[in-house]
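Participant: below is the structure, and that's it, no one-letter string:
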């Protein structure tokens with residue numbers, strides 16, 4: 001038996017790369033994250049991002065960093081970057097995946113910076129695809145389906161895709177939450193899905209603005225009852241949807257205006 005010590009190696013395009021602290025993340029699908037926008041070195045909905053990270057860490061690793069520690073990591077990235085940028089905070093197990101060692105592990109935290117994003121201009125035409133994300137209430141990595149179904153939608157002549165869950169209800173988009181407009185109220189899909197931080201910001205600001213909103217189970221057949229539809233994520237509070245499958249929406253811009261106004265009411269804060 002060869003007892004010589006084994007040292008893992010990593011290669012990109014056939015060339016060896018030096019092992020680094022990030023290599024365990026590069027090969028780990030057992031991780032979760034949150035994405036946020038920084039403007040003038042301030043953030044909206046910070047409490048929601050921190051709550052998301054804490055809950056997911058407890059669920060996956062039985063351990064969560066304090067909010068103060070997470071904020072210190074975010075602050076370091078903000079202080080060393082431009083006034084406007086995008087941040088992704090990824091929390092992962094140093095033990096990787098496919099191992100029981102990750103069950104009760106103190107996870108590592110990576111903060112990645114990128115240029116600021118505002119999302120596509122729209123309006124967008126969407127396909128609807130039968131798909132339900134595993135652990136849908138956690139924003140986790142390694143979800144090949146989101147990109148795959150985006151590509152399938154584009155091949156069919158659409159701009160993006162939304163999902164129909166196992167109960168036949170519309171849930172969410174590839175990287176989006178959904179909202180609808182009936183002329184009087186904002187309607188949110190009731191389904192097993194990820195509740196985005198932007199969605200939560202809008203819901204609490206709509207309440208303060210006394211704008212009617214509710215959650216309902218929505219099927220494809222019910223789409224004809226709505227006058228507008230919009231998508232949102234950390235990039236933007238609303239992008240106009242002109243059509244889902246063969247159902248058009250004539251008042252999506254009105255809904256988008258309401259959602260953008262709601263976001264403006266959310267105060268930004270320094271981390």
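Facilitator: It's in. Nothing here was measured: the structure is a model prediction, and the numbers come from that model.
Participant: in the chain, where is pLDDT below threshold?
Facilitator: Within the chain, the ranges that satisfy pLDDT under 70 run 1-28.
Participant: could you chop it up by domain?
Facilitator: The chain breaks down into these domains under automatic domain parsing: 20-114, 124-269.
Participant: and those as TSV, adding mean neighbour count?
Facilitator: (Glycine included, C-beta is placed from N, CA and C.) Shown next, in TSV, are those (neighbours: other Cβ atoms under 10 Å):
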stretch	mean neighbour count
domain 20-114	17
domain 124-269	18
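Participant: mind listing the strands for the stretch 101-250 of the chain?
Facilitator: Here the stretch 101-250 of the chain has its strands, by DSSP state E, counting those that start in this stretch, at 108-114, 124-130, 160-164, 170-173, 177-181, 186-189, 213-216, 228-233, 236-244, 247-248.
Participant: ok, which of the ones you listed comes nearest residue 60?
Facilitator: strand 108-114 (12.7 Å; Cβ to Cβ).
Participant: just checking, what packs against the closest one?
Facilitator: helix 23-26, helix 67-79, strand 85-92 (3 or more Cβ pairs under 8 Å, 6 or more residues apart in numbering; DSSP states H and E).
Participant: hmm, try it at 10 Å
Facilitator: Contacts defined by 3 or more Cβ pairs under 10 Å, 6 or more residues apart in numbering; DSSP states H and E place strand 108-114 against helix 23-26, strand 31-39, helix 67-79, strand 85-92.
Participant: coming back round to it: save the strands of the stretch 101-250 of the chain as a markdown table, and put in distance to residue 91 too.
Facilitator: Output for the strands of the stretch 101-250 of the chain, formatted as a markdown table (distance: least, Cβ to Cβ, whole Å):
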| stretch | distance to residue 91 |
| --- | --- |
| strand 108-114 | 5 |
| strand 124-130 | 29 |
| strand 160-164 | 25 |
| strand 170-173 | 21 |
| strand 177-181 | 21 |
| strand 186-189 | 27 |
| strand 213-216 | 28 |
| strand 228-233 | 19 |
| strand 236-244 | 24 |
| strand 247-248 | 39 |
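Participant: how about the ones you listed, which one is nearest residue 38?
Facilitator: Nearest to residue 38, of the strands of the stretch 101-250 of the chain and by Cβ to Cβ, is strand 108-114 at 8.6 Å.
Participant: strand partners of the closest one, parallel vs antiparallel please.
Facilitator: Here strand 108-114 is paired, per DSSP bridges, with strand 85-92 (antiparallel).
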